[in-house]
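Engineer: this one's structure only:
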């Protein structure tokens, strides 16, 4: 599958980095465009085999999937520029623009069908709303996909690629905002926990670098316990929580200070209004 990424900001660049390391996509089949050439320099530095250009129309030529990775207020302008050159019968349009759902994408990309065409006065490409997180750069993203007008084969192909970039779920659009909070905003929440734990490690006597190394590996280990055996968090907690032991004292102190409640309230506060 050939990818054209329109936008080389944080998430567009992260996707390019992830795809370049994928087992399912050839690096030469990735093109990324941006109107500011300086943003493309870091892409070339990461892998010179990734095609870069400042011309969006050039980038989408021959692409199977056109990914929109830009600020919401730039989407309509970019869409109007690209619509005359998109092959709606063959090319998939996938948006990573947060807060712009499938109904919005349908309005943005709707165009008049050619004279005499079967099926009505307007036409649309296969559309996807994508929510990855920045860990896609390291092929460790949790990505959510919702589609409109796509075939089961297209769903399966895109799902396979994004699973190769970490993990991925094809969900109803109503769950996309929840996915955004849990997995995209969730990256920041997990990193804030790591920062707090690192500060505690320094208080306990480790250097900041060593404390961060210890905490990061511990987080990685905790996540692997759940992914390998599909265990429940409480089952794993019970294994290291002995009666009257150190762990239960720490857990109880965290709960007294609102650990679980603050996390849930943070998630609920993040849901787009």
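Structural biologist: All right, it came through fine. The structure presented is a predicted model; accordingly, all values stated were derived computationally and were not measured.
Engineer: can you pull out the helices in the stretch 51-200 of the chain?
Structural biologist: According to DSSP state H, counting those that start in this stretch, the stretch 51-200 of the chain carries its helices in the segments 56-60, 72-82, 102-109, 152-164, 176-179, 186-204.
Engineer: Could you check how many residues crowd around residue 194?
Structural biologist: When neighbours are counted by other C-beta atoms under 10 Å, residue 194 registers 16. Quick note: C-beta positions are derived from backbone N, CA and C, even for glycine.
Engineer: among the helices of the stretch 51-200 of the chain, which is nearest residue 9?
Structural biologist: Comparing these by their distance to residue 9 (C-beta to C-beta), the top pick is helix 72-82, with 10.2 Å.
Engineer: Just the buried positions in the closest one, please.
Structural biologist: Neighbour counts using 16 or more other C-beta atoms under 10 Å place 75, 78-79, 82 of helix 72-82 among the buried residues.
Engineer: ok, for residue 215, nearest residue in space, not its chain neighbours?
Structural biologist: The spatial neighbour of residue 215 that comes closest, neighbours along the chain excluded (C-beta to C-beta, 6 or more residues apart in numbering), is residue 197 at 4.5 Å.
Engineer: swap in residue 60?
Structural biologist: residue 4 (4.5 Å).
Engineer: how close does that neighbour sit to residue 91?
Structural biologist: Here the criterion is C-beta to C-beta, to the nearest Å. By it, residue 4 lies 9 Å from residue 91.
Engineer: Just want to know which of these two has more residues nearby.
Structural biologist: A direct count of neighbours by other C-beta under 10 Å for residue 4 and residue 91 places residue 4 higher, at 26 against 20.
Engineer: So the more buried one: helix, strand or coil?
Structural biologist: strand (DSSP: H, G, I helix; E, B strand; the rest coil).
Engineer: who does the strand ranked longest in the chain pair up with?
Structural biologist: Ranked by residue count and defined by DSSP state E, the top strand of the chain is strand 141-148. Strand 141-148 has these partner strands in its sheet, going by DSSP bridges: strand 126-131 (antiparallel), strand 166-170 (parallel).
Engineer: Output these in CSV; the columns should cover mean pLDDT and mean neighbour count.
Structural biologist: As requested, those are arranged in CSV below (pLDDT from 0 to 100; neighbours: other C-beta atoms under 10 Å):
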stretch, mean pLDDT, mean neighbour count
strand 126-131, 97, 24
strand 166-170, 97, 17
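Engineer: Check which helices and strands the strand or helix carrying residue 264 sits against.
Structural biologist: According to DSSP states H and E, residue 264 maps onto helix 259-270. With contacts defined as 3 or more C-beta pairs under 8 Å, 6 or more residues apart in numbering; DSSP states H and E, the packing partners of helix 259-270 are helix 186-204.
Engineer: What are the buried residues along the helix it packs on?
Structural biologist: By 16+ other C-beta under 10 Å, the buried positions in helix 186-204 come out as 186, 194, 197-198, 201.
Engineer: same check, this time on stretch 177-186
Structural biologist: Quick answer for stretch 177-186 (16+ other C-beta under 10 Å): 177, 179-186.
Engineer: go on, stretch 27-36?
Structural biologist: Buried residues in stretch 27-36, defined by neighbour count with 16+ other C-beta under 10 Å: 29-34.
Engineer: So which of those sit within strands?
Structural biologist: Among the buried residues of stretch 27-36, the members that lie in strands (by DSSP E) are 30-33.
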